[in-house]
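1. show me how the following folds:
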Amino acid sequence: MSYIETERNRVHVGRPLATDTVVATFLHGSTGPRRLLCIQPIANYQRAINWALSMADYMAGPIELLPYESEEALEHAHLMAEAQSLTFTATDPEVRREARELFMSLADWSVIRERRKQ
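-> Numbers count the residues shown, from 1 in each chain. From the prediction side, this is the model:
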């Protein structure tokens with residue numbers, strides 16, 4: 001991951017791999033978790049960087065651009081992050097247990113495993 005500084009902010013840019021097909025744009029606010037703004041084909045990678053650089057100084061927090069292998073891989077990463085967060089932050093022990101079980105089951109998600117074999 002590299003960082004591009006702007007006048008008041010910065011843009012976090014992930015380097016695409018040969019197998020990546022999409023680029024996700026995330027906005028970071030001044031508080032709370034990052035939010036997914038959009039998903040674009042990897043062909044729009046440079047356009048996404050240009051847009052992020054033009055908008056960064058108007059945002060409360062950094063803009064993050066992350067290439068992913070597929071939209072399914074992005075969704076998998078998002079679900080993993082949410083489940084992991086609940087595992088540690090939920091106040092109800094039953095919710096924490098269920099979140100941990102979900103987190104562990106996502107580690108072997110068949111859709112992602114099969115795509116990686118291709």
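
2. and L79, that one's in a helix?
-> Yes - the assignment for L79 by DSSP: H, G, I helix; E, B strand; the rest coil puts it in a helix.

3. what about it, how many neighbours?
-> The local packing count at L79 equals 15, with neighbours defined by other Cβ atoms under 10 Å. Where you see a C-beta, it was placed from the backbone N, CA and C, and this is true even at glycine.

4. now L27
-> Burial measure for L27: 17 neighbouring residues, criterion other Cβ under 10 Å.

5. that one reaches R35, doesn't it?
-> Yes - with contacts counted by Cβ atoms under 8 Å, L27 reaches R35, the gap being 5.1 Å.

6. so V11 sits against S54, correct?
-> No - in this structure V11 lies outside contact range of S54 using Cβ under 8 Å: 9.9 Å.

7. those two: who's more crowded?
-> Summary of the neighbour comparison: V11 and S54, criterion other Cβ under 10 Å, with V11 having more neighbours (23 against 11).

8. ranges for the strands of this protein?
-> 2-5, 10-13, 22-27, 35-41, 63-68 (DSSP state E).

9. export these to a markdown table and tack on distance to R96?
-> Below are the strands of the chain laid out as a markdown table (distance: least, Cβ to Cβ, whole Å):
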| stretch | distance to R96 |
| --- | --- |
| strand 2-5 | 34 |
| strand 10-13 | 30 |
| strand 22-27 | 26 |
| strand 35-41 | 24 |
| strand 63-68 | 28 |
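
10. possible to save those as a markdown table with mean pLDDT?
-> A markdown table is the format used below for the strands of the chain (pLDDT from 0 to 100):
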| stretch | mean pLDDT |
| --- | --- |
| strand 2-5 | 96 |
| strand 10-13 | 96 |
| strand 22-27 | 94 |
| strand 35-41 | 92 |
| strand 63-68 | 95 |
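
11. compare those and report which one is nearest to L106.
-> Of all the strands of the chain, strand 63-68 sits nearest to L106, with 15.3 Å by Cβ to Cβ.

12. what's that closest one packed up against?
-> Strand 63-68 makes packing contacts with strand 10-13, strand 22-27, helix 45-55 when contacts are defined by 3 or more Cβ pairs under 8 Å, 6 or more residues apart in numbering; DSSP states H and E.
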